[in-house]
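[1] need the 3D shape of this:
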Amino acid sequence: MTVSAPETVESEAGEAGEGRREKSKAANRQAILTAARRVFAQLGYDGATVRDIIRGTELASGTFYNYFKSKEEVFEALADDGARRFRPVLRAARESAACFEDYIYTAVHAYFTFLVEEHRGGGHPLKDRGPHLPSSTPETLAVYEEVRDGLAEAIATGVAPKVDPDFLAAASIGVAQEVGDVMLRQSPPDIDAATRFVADFILGGVQKAASK
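    Now for the predicted structure:
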């Protein structure tokens, strides 16, 4: 019969305990984010409080501050998580587009569809969106770069008019965000109408800017 050395057993037990603690921490953080998404959808960003968020979990009130400092930080975490999940959708729109115009329409439609789905909780659309998505987190910056690179590629290959890709990316994102805010206040949100307006606005603006 082989007997394990005591220190080996203790080491394995310690690793197992550490693994359980990490899983518990991850589960707690996700519970807070899930509750926050629902609370923001039901009460709006301005109307929501940290207490409302923690009431939506089974966690003790003080647990919230082990993971987030404020509701603003939770909102940023949700935005960053959304950006991380949206980036592959944006890349797919870029890779499947038949032409520049198709890319713009497909990308804008994908954004509005994602926005509506992302800002629903328990069947209730967000009453307000709170501050704009943070622009300095790694994932939101990556989304900007994806937009900018797609536009720059189209311009460089001659399928899009020659304009500054940084200006175009910033303008496109800004217009989409502002129209998205208005769209979310509709009941129900009209994704197709918002897409047509923003895509036509971007394409018309590009043509006008390139003619200068």
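[2] how about low-confidence regions in the chain?
    1-18, 121-136 (pLDDT under 70).
[3] how about the helices in it?
    Along the chain, counting by DSSP state H, helices occupy 6-43, 50-55, 71-96, 100-118, 138-156, 165-184, 191-210.
[4] closest to Thr63 out of those?
    Closest to Thr63 of the helices of the chain, according to C-beta to C-beta: helix 6-43, at 6.3 Å. From N, CA and C alone the C-beta is placed, and that goes for glycine too.
[5] now do stretch 200-208: distance to the chain's middle.
    Relative to its chain's centre, stretch 200-208 lies at 26 Å (C-alpha atoms, centre = their mean, to the nearest Å).
[6] and it, what's buried?
    201-203, 206 (16 or more other C-beta atoms under 10 Å).
[7] now the two most distant members of these.
    Farthest-apart pair in the buried residues of stretch 200-208 is Phe201 and Val206; separation 9.7 Å (C-beta to C-beta).
[8] shared neighbours, these two?
    Residues touching both Phe201 and Val206 by C-beta atoms under 8 Å, 6 or more residues apart in numbering: none at all.
[9] roughly how far apart are Val159 and Cys99?
    To Cys99, Val159 is 6 Å away according to C-beta to C-beta, to the nearest Å.
[10] grab the nearest non-local neighbour of the residue most central in space within the chain.
    Most central in the chain under C-alpha atoms, centre = their mean is Gly82, positioned 2.3 Å from the mean C-alpha point. Once flanking residues are discounted, Gly82 sits nearest to Glu118: 5.3 Å by C-beta to C-beta, 6 or more residues apart in numbering.
[11] go on, Glu146?
    Leu90 (5.2 Å).
[12] isn't the one you found right up against Val147?
    Yes - Leu90 lies in contact with Val147 (C-beta atoms under 8 Å); the separation is 6.9 Å.
[13] shared neighbours of those two, anything?
    With C-beta under 8 Å, 6+ apart as the test, Leu90 and Val147 both reach Ala107.
[14] follow-up on the earlier one: could you redo the buried residues of stretch 200-208 as a markdown table and give each row distance to Tyr103?
    Below are the buried residues of stretch 200-208 laid out as a markdown table (distance: C-beta to C-beta, whole Å):
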| residue | distance to Tyr103 |
| --- | --- |
| Phe201 | 15 |
| Ile202 | 11 |
| Leu203 | 10 |
| Val206 | 12 |
